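Asker: My questions are about this predicted structure, shown below with the sequence.
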Amino acid sequence: MEKTFVYIAKEDRQIADTFRQSYDPYVYQGSLEENLKEARRLKKDITHCRFCKRSRQETKFKENTHMLSKLLGNYNYYSHDECDTCNRLFGTRETDLSCFLGTARTFDHLLTERKAPGFESGSGQVGVKKIGPEAFYVFQKREGEDFKVDMESGQAKINLDSQIYRPDNVYLSLLKMALGIMPEKDISNYALAFKILQEPEKYPEVRHLFKANVTETEMVIARPFAQLFRRRSDLNSPDLPQMLFCLSVGRFMFQIIVPGSELTEANMGKSLDMRVAPYIQLNLQETHDRVVQKRYMKDLSSNEPIKKEDRMQFSFATDNLVSIKIEGLTDLF
Ligand SMILES: [Zn+2]
């Protein structure tokens, strides 16, 4: 098996040691290689969809499908075994994932060959555009209370609340990526997870597993990186899930449980203990310590739409106001 070397920041070594006692790295997906041709070729021969199991006769395999969501910056890496019906179902959920990330997708954008996605706040009043490596253009899109700039005192208050999203769709989007990179031979062991992905409302007993451990870091990575961890085979701990999935994107790492055969029809409601994974750095040429800012558990069990609150506040020098032009759009940089 191919070995991948990674760097763990000093402050995370303790967490890494504890994690390693229970989990082994299993599969990585962080390929930067363009594989569209190969994916299209493989799609011609695919007999059934990995996700919904529908056959060629029952569904279509015409669309180009992304292994990790393209909303996260994965433009080049395609899957070959996802049908068009699933692609559309997952696509609507991924919109919730991008709303959940809010301004981060614009502010943390590093891909030089692609324009950063713009941001529009939930109220439609505030927009953000990236105009340079360190420069953003924050502007008022529509009249309203969300954009307040006081020229006398030099105070600005801007409300950047996200568009509304459903928390459970954020979990389901992460779960989809986990099942997408899972090796073929493991699929039968995770039949429950595949069913949840198709019809989540049919499994209220497993809702308590819809959560993510979020690590926020100083570092911002340009492309998403996904990995599966498998519980060590010598370990007999029924409370630990067999498989965990981690996705690094921007300045976040999300970790979720992949529900597998440890949950049976009879014990679906049982709680599983998520061991926190360390934050992994792949670029060994440039390693950093003191990168982890905070970690918290995010409950994603609700299907009620909510918005992420985000405020921006700053002061500016009022003696140089000549550089600030106000004509509908307000240039603050
Ligand atoms: Zn399908």
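Answerer: Here it is on my side, so go on. The shown structure was predicted, so the numbers you read here are calculated from the model rather than taken from an experiment.
Asker: what about the helices in the stretch 51-200 of the chain?
Answerer: Here the stretch 51-200 of the chain has its helices, by DSSP state H, counting those that start in this stretch, at 84-101, 104-107, 167-181, 191-198.
Asker: Can you tell me which of the ones you listed has the worst average pLDDT?
Answerer: Within these, the stretch with the lowest mean pLDDT is helix 104-107, showing a mean of 73.
Asker: Remind me what it packs against, helices and strands.
Answerer: When contacts are defined as 3 or more Cβ pairs under 8 Å, 6 or more residues apart in numbering; DSSP states H and E, helix 104-107 packs onto strand 126-130, strand 243-258. Yep, even glycine has a C-beta here, placed from its N, CA and C like the rest.
Asker: mind listing what's buried in it?
Answerer: 104, 105, 106, 107 (16 or more other Cβ atoms under 10 Å).
Asker: residues in contact with residue 65?
Answerer: Residue 65 makes contacts with 39, 78, 79, 80, 82, 86, 87, as judged by Cβ atoms under 8 Å, 6 or more residues apart in numbering.
Asker: Go again with 10 Å.
Answerer: 39, 43, 49, 51, 78-84, 86-87, 90-91, 180 (Cβ atoms under 10 Å, 6 or more residues apart in numbering).
Asker: The helices of the stretch 51-200 of the chain: which one's closest to the ion?
Answerer: Nearest to the ion, of all these, is helix 84-101, at 3.3 Å by Cβ to the ion.
Asker: So which elements touch the closest one?
Answerer: strand 65-66, helix 104-107, helix 167-181, helix 191-198, strand 243-258 (3 or more Cβ pairs under 10 Å, 6 or more residues apart in numbering; DSSP states H and E).
Asker: which bits of this structure sit near the ion?
Answerer: Residues of the chain lying near the ion by Cβ under 5 Å from the ion: 49, 51, 52, 83, 86.
Asker: mind checking the backbone torsions on the first one?
Answerer: Yep, that's residue 49 we're talking about. phi -80, psi 130 (degrees, to the nearest 10).
Asker: what's it in contact with, if anything?
Answerer: For residue 49, the contacting residues are 55-56, 58-61, 65, 81-87, by Cβ under 10 Å, 6+ apart.
Asker: and which of these is nearest residue 219?
Answerer: Within those, the smallest distance to residue 219 is 29.1 Å, found for residue 65 (Cβ to Cβ).
Asker: The closest residue in space to that closest one that isn't next to it in sequence: neighbour count?
Answerer: Of all residues not flanking residue 65 in the chain, residue 82 sits nearest, at 4.1 Å (Cβ to Cβ, 6 or more residues apart in numbering). Neighbourhood size, residue 82 [other Cβ atoms under 10 Å]: 25.
Asker: what does residue 132 give?
Answerer: A count of nearby residues for residue 132, using other Cβ under 10 Å, gives 8.
Asker: where's the residue nearest to residue 159 when sequence neighbours are not counted relative to residue 96, distance?
Answerer: Leaving aside its sequence neighbours, residue 159 sits nearest to residue 146 (Cβ to Cβ, 6+ apart; 3.9 Å). For residue 146, the distance to residue 96 equals 22 Å [Cβ to Cβ, to the nearest Å].
Asker: Compute the first-to-last residue distance for stretch 200-213.
Answerer: End-to-end distance for stretch 200-213, by Cα to Cα, to the nearest Å: 20 Å.
Asker: so residue 222, which of the three states?
Answerer: strand (DSSP: H, G, I helix; E, B strand; the rest coil).
Asker: can I assume it is in contact with residue 73?
Answerer: Yes. Between residue 222 and residue 73 a contact is recorded at 6.8 Å, counting by Cβ atoms under 10 Å.
Asker: Neighbour count for those two, which is higher?
Answerer: Just comparing residue 222 and residue 73: by other Cβ under 10 Å the higher neighbour count belongs to residue 73, 21 against 16.
Asker: wouldn't that one be in contact with residue 105 here?
Answerer: Yes. Using Cβ under 10 Å, residue 73 is in contact with residue 105, at 8.2 Å.
Asker: and for those two, which residues touch both?
Answerer: Taking Cβ under 10 Å, 6+ apart as the contact criterion, the residues that touch both residue 73 and residue 105 are 116, 117, 249, 250.
Asker: per-residue confidence at the third one?
Answerer: Residue 249 carries a pLDDT score of 87 in this model.
Asker: is it in a bridge, and if so with what?
Answerer: On the basis of DSSP bridges, residue 249 is bridged to residue 252.
Asker: Quick check: residue 122 vs the ion, distance?
Answerer: 31 Å (Cβ to the ion, to the nearest Å).
Asker: make that residue 282, sorry
Answerer: Counting by Cβ to the ion, the gap from residue 282 to the ion is 31 Å.
Asker: what's the pLDDT at the residue lying closest to that residue once chain neighbours are set aside?
Answerer: Distances taken as Cβ to Cβ, 6+ apart place residue 6 nearest to residue 282, at 6.0 Å, with adjacent residues excluded. Here, the pLDDT recorded for residue 6 equals 87.
Asker: No further questions, thank you.
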